[in-house]
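Engineer: Got a sequence here, can you build the structure:
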Amino acid sequence: MFTHTAPAPRPGATAEAARSSASILSVGTAVPPDSYTQKELLEIFRIQDPKVRSVFLNSAIQRRHLTLPPRAPDGTRVMEEQGALLQKHRAQGIDMGARALQECLKQSSADISDIGYLCCVTTTGFLTPGFSALLIRELGIPESCSRLDVVGMGCNAGLNAMNAVAGWARAHPGQLAVMVCVEACSAAYVFDGTMRTAVVNSLFGDGAAAVAVTAGPGHTSPGPRLLRFSSQIIVDALPAMRYDWDDDQGKFSFYLDPNVPYVVGAHAERVVDRLLAGTGLRRSDIRHWLVHSGGKKVIDSVMVNLGLSSYDVRHTVSVLRDYGNLSSGSFLFSYERFVEEGFAAPGDFGVLMTMGPGSTIETALCQW
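Structural biologist: Residues are numbered from 1 along each chain as shown. Alright, predicted model coming up:
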């Protein structure tokens, strides 16, 4: 069974937040079995356009886990219709989500029967019923489990949903809440030779991540307490990251505005300052930063605007290098690497940050 206790708060975090906060117990991740270098993908899809090749090869991504389309008799890849992509989304999502959730529970010594709340997050497809119902059936999670599906919010959705998960945990002390981010980005690709789709196709990878959260006195936890959340939506940039229906391709196509990194960077300082307002903390008091692996330019822009060092974003950069952008679950892959490093000390403060459509920046303040 799982146990969880918050350590005594340090000055700077309010006593009320410390008493009522939820804590992260454990995290688990999963990816498809097949992975490819950027150069291998260019060869597989026979891409010769020098501009497109440059986008792939200068992305700071070495390898991504993907579920590629099946081969045609001539060796090329079959272009999947929207129906086939939705089937991929469902099959890969159930497989990766189940494995990530099982690993997460294993790390916290919790059982499937302990789950009282299940939140599933995805943007790479649409299902009714959603992944929460499908995973309950797949894994034998109690049928009385409360659940929530967050669909279509994009790369920021994991941290946005964690706010809801932490709220449920606080309202149900001693019970286990779990969030699963399931992103089969292979089910959201369009291949049409344009630079628009090339940017998207060079960036995203498949992966799922699960995190277990609980609240209440009398327990112990190695993970941090989630003290508060702050959000910033940049309404002037609503069209900057979006899904469009492509009539020519007969499927959805994701669009990324080239200015996204600069828009996100320009607003990062504002949302972090709001997150810390009233806590007595300054940015210099934050020892650990776990930022969404949104892309090289996004990471660079956030670093510049927040005054972060390359060491501060080492896990963000390494996840981008090894997996690409995993959408809503990216920050949990970074958190997993941070846990494995074992660098956090009791009392340390950290900031979690994700960015996505809206355009939106989500942040959370935590303390070990």
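
Engineer: And the helices in the stretch 1-150 of the chain, which stretches?
Structural biologist: Here the stretch 1-150 of the chain has its helices, by DSSP state H, counting those that start in this stretch, at 15-20, 38-44, 50-57, 82-108, 131-139.

Engineer: other SSEs contacting the second one?
Structural biologist: Helix 38-44 is packed against helix 50-57, strand 63-65, with contacts defined by 3 or more CB pairs under 8 Å, 6 or more residues apart in numbering; DSSP states H and E. All C-beta atoms are positioned from the backbone trio N, CA, C, and that covers glycine.

Engineer: what's next to that helix, contact-wise?
Structural biologist: The contact list for helix 38-44, computed with CB atoms under 8 Å, 6 or more residues apart in numbering, reads 36, 47, 52-53, 56-57, 59, 61-64, 66, 68, 77, 202.

Engineer: what about Ser21, how many residues close to it?
Structural biologist: Using other CB atoms under 10 Å, Ser21 has 23 other residues around it.

Engineer: List buried residues within the contacts of helix 38-44.
Structural biologist: Neighbour-count burial (16 or more other CB atoms under 10 Å) applied to the contacts of helix 38-44 gives 36, 47, 52-53, 56, 59, 61, 63-64, 66, 68, 202.

Engineer: and of these, the nearest to Leu326?
Structural biologist: Arg64 (9.0 Å; CB to CB).

Engineer: Show me the strands in this protein, by range?
Structural biologist: 22-30, 35-37, 63-65, 115-122, 146-151, 176-183, 207-215, 225-233, 241-246, 251-256, 288-291, 349-356, 360-367 (DSSP state E).

Engineer: now those as a markdown table including mean pLDDT and distance to Ala198?
Structural biologist: Compiled in a markdown table, the strands of the chain are given as follows (pLDDT from 0 to 100; distance: least, CB to CB, whole Å):
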| stretch | mean pLDDT | distance to Ala198 |
| --- | --- | --- |
| strand 22-30 | 97 | 27 |
| strand 35-37 | 97 | 16 |
| strand 63-65 | 98 | 15 |
| strand 115-122 | 98 | 24 |
| strand 146-151 | 97 | 26 |
| strand 176-183 | 98 | 20 |
| strand 207-215 | 97 | 21 |
| strand 225-233 | 96 | 28 |
| strand 241-246 | 82 | 14 |
| strand 251-256 | 78 | 11 |
| strand 288-291 | 98 | 25 |
| strand 349-356 | 97 | 20 |
| strand 360-367 | 97 | 25 |
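
Engineer: Quick one: closest of those to Gly278.
Structural biologist: Set against Gly278 and scored by CB to CB, the strands of the chain come closest in strand 225-233, at 9.0 Å.

Engineer: List the residues that contact Asp206.
Structural biologist: By CB under 8 Å, 6+ apart, Asp206 lies in contact with 31-32, 64-67, 92, 96, 183-186, 326.

Engineer: Ok, which of the helices of the stretch 1-150 of the chain comes nearest Pro357?
Structural biologist: Across these, closest to Pro357 is helix 82-108 (CB to CB), at 17.8 Å.

Engineer: For the closest one, buried residues please.
Structural biologist: For helix 82-108, burial by neighbour count (16+ other CB under 10 Å) applies to 85-86, 88-90, 92-101, 103-105, 107-108.

Engineer: returning to that earlier point: and Leu332, which of the helices of the stretch 1-150 of the chain is closest to it?
Structural biologist: Of all the helices of the stretch 1-150 of the chain, it is helix 82-108 that lies closest to Leu332, at 8.8 Å by CB to CB.

Engineer: Report the mean confidence score over that closest one.
Structural biologist: Mean per-residue pLDDT for helix 82-108: 96.

Engineer: ok, the buried ones among the contacts of helix 38-44 vs Ser144, which is closest?
Structural biologist: Of all the buried ones among the contacts of helix 38-44, Ser144 sits closest to Leu66, with 36.7 Å by CB to CB.

Engineer: The closest residue to the closest one other than its chain neighbours and Ile361: what is the separation?
Structural biologist: Nearest residue to Leu66, sequence neighbours excluded (CB to CB, 6 or more residues apart in numbering): Ser186, at 4.9 Å. Counting by CB to CB, to the nearest Å, the gap between Ser186 and Ile361 amounts to 27 Å.

Engineer: So for these two, which sits in the more crowded spot?
Structural biologist: More neighbours surround Ile361 than the other of Ser186 and Ile361, with 27 against 23 (other CB under 10 Å).

Engineer: hang on, isn't the more buried one packed against Met353?
Structural biologist: Yes. Applying CB atoms under 8 Å, one finds Ile361 in contact with Met353, separated by 6.8 Å.

Engineer: For the residue nearest to Val263 when sequence neighbours are not counted, grab the count of nearby residues.
Structural biologist: Setting aside the residues directly before and after it, Val263 is nearest to Ala237 in space (CB to CB, 6+ apart), at 4.9 Å. The number of residues packed near Ala237 is 19, by other CB under 10 Å.
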